[in-house]
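**Student:** What follows is a predicted structure for the sequence shown.
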Amino acid sequence: MSTPNTDDPAVYKTLLESTKAIPWKIDWKTMTFAYIGPQIEALLGWSQDSWVSAQDWAARMHPDDKARVVDFCVAQSRSGNDHEADYRALTKDGQYIWIRDVVHVVRDAAGEVESLIGFMFDISERKKNEEQLLKLQKELEELSFKDGLTGVANRRMFDSVLSVEWATAQRHGSPLSLIMCDIDYFKQYNDHYGHLQGDECLKRVARLLASGAVRARDFLARFGGEEFVLILPNTDAESAQVVAHRCRELVLQEQIPHANSPGGRILSLSMGVGTMVPTHQDQAMAFVGQVDQRLYQAKLRGRDCVVNDG
């Protein structure tokens with residue numbers, strides 16, 4: 001078997017055209033293609049001889065990518081810097097494929113830019129995987145702020161939202177209300193109906209509470225166990241009372257059986273309500289503690305009631 005002559009340009013041409021990467025060369029002064037590999041037609045559908053100038057390259061780029069990529073590549077090339085660029089290239093049938101261009105700047109003896117040579121790589125599969133990973137990361141982030149059972153926000157998200165709404169209320173001098181709710185005698189409910197039914201009960205109550213807080217910024221979270229909390233931004237004490245009584249009535253109207261409840265035969269809620277126009281001297285968690293004390297008072301007063309005073 002004879003050894004190929006590596007000085008023969010045809011050997012290099014054969015090697016270049018047998019790879020999946022697409023080689024190309026552009027003359028800098030005329031901005032015309034001196035060469036582009038025939039693989040381009042298999043990838044994008046455009047014939048090899050249709051790539052005449054850099055304008056053809058730019059024209060076959062996604063509109064959202066064009067200005068960014070062209071400006072970047074021209075600036076880097078003028079500076080003599082090798083560079084890479086990712087963009088979506090238009091196929092002849094109107095689809096888009098993610099391309100990575102790896103560019104080397106060739107200078108003449110005087111140090112002036114003479115030409116650009118590079119390779120185009122199809123990175124569609126890689127981009128697809130990256131997008132799936134980003135989507136998964138977003139879903140995981142959302143899950144980290146969501147209660148796994150009821151689907152409403154969890155305690156971690158409650159802390160974050162309260163911090164934001166507290167700062168907003170301080171800045172604007174607006175009232176912020178909080179409602180803490182506890183399902184009455186939930187241990188007895190679980191003991192009688194079982195934990196699976198108890199889980200369904202928690203989901204049902206969460207849906208009812210969510211329907212009772214109707215404004216866009218009203219926020220519901222599971223505080224822990226059978227306890228839920230509502231943040232009502234820009235809501236005065238009277239309006240907060242209305243929301244609390246509406247939520248309590250929604251649960252009562254649902255007529256969820258609770259055979260072992262010492263307070264009656266249907267499920268009920270105890271609720272504590274508080275309203276504050278916070279100053280910079282006030283602390284958000286101290287306010288939560290005050291409302292939690294009102295919830296405790298509701299339990300002491302026989303449960304199935306709303307308490308909005310100490």
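**Tutor:** Noted; the coordinates are in hand. Residues are numbered from 1 along each chain as shown.

**Student:** could you pull out the helices for the stretch 201-310 of the chain?
**Tutor:** Secondary structure of the stretch 201-310 of the chain (DSSP state H, counting those that start in this stretch): helices at 237-254, 284-300.

**Student:** Of all those, which one comes closest to Leu143?
**Tutor:** Leu143 sits nearest to helix 284-300 of all the helices of the stretch 201-310 of the chain, at 24.2 Å, using CB to CB. Yep, even glycine has a C-beta here, placed from its N, CA and C like the rest.

**Student:** what about the closest one, distance to the chain center?
**Tutor:** Remark: helix 284-300 is offset 34 Å from the chain centroid, using CA atoms, centre = their mean, to the nearest Å.

**Student:** Now for this protein: which helix has the highest residue count?
**Tutor:** The longest helix of the chain (DSSP state H) is helix 124-144.

**Student:** next SSE after it?
**Tutor:** Remark: after helix 124-144, the chain's next helix or strand is helix 155-172, criterion DSSP states H and E.

**Student:** helices or strands up against that following helix?
**Tutor:** Here helix 155-172 touches strand 176-183, strand 219-224, strand 227-233, helix 284-300, going by 3 or more CB pairs under 8 Å, 6 or more residues apart in numbering; DSSP states H and E.

**Student:** now, of the ones you listed, which is deepest in the fold?
**Tutor:** strand 176-183 (a mean of 26; mean count of other CB atoms under 10 Å).

**Student:** partners of it in the sheet?
**Tutor:** Strand 176-183 sits in its sheet next to strand 227-233 (antiparallel), strand 269-276 (antiparallel), going by DSSP bridges.

**Student:** residues touching Gly80, list them.
**Tutor:** 105, 107, 113 (CB atoms under 8 Å, 6 or more residues apart in numbering).

**Student:** That one and Glu114, how far apart?
**Tutor:** From Gly80 across to Glu114, the span is 10 Å (CB to CB, to the nearest Å).

**Student:** The closest residue to Arg246 other than its chain neighbours and Lys187, how far apart?
**Tutor:** Of all residues not flanking Arg246 in the chain, Gly212 sits nearest, at 4.9 Å (CB to CB, 6 or more residues apart in numbering). Using CB to CB, Gly212 is found at 24 Å from Lys187.

**Student:** All set, thanks.
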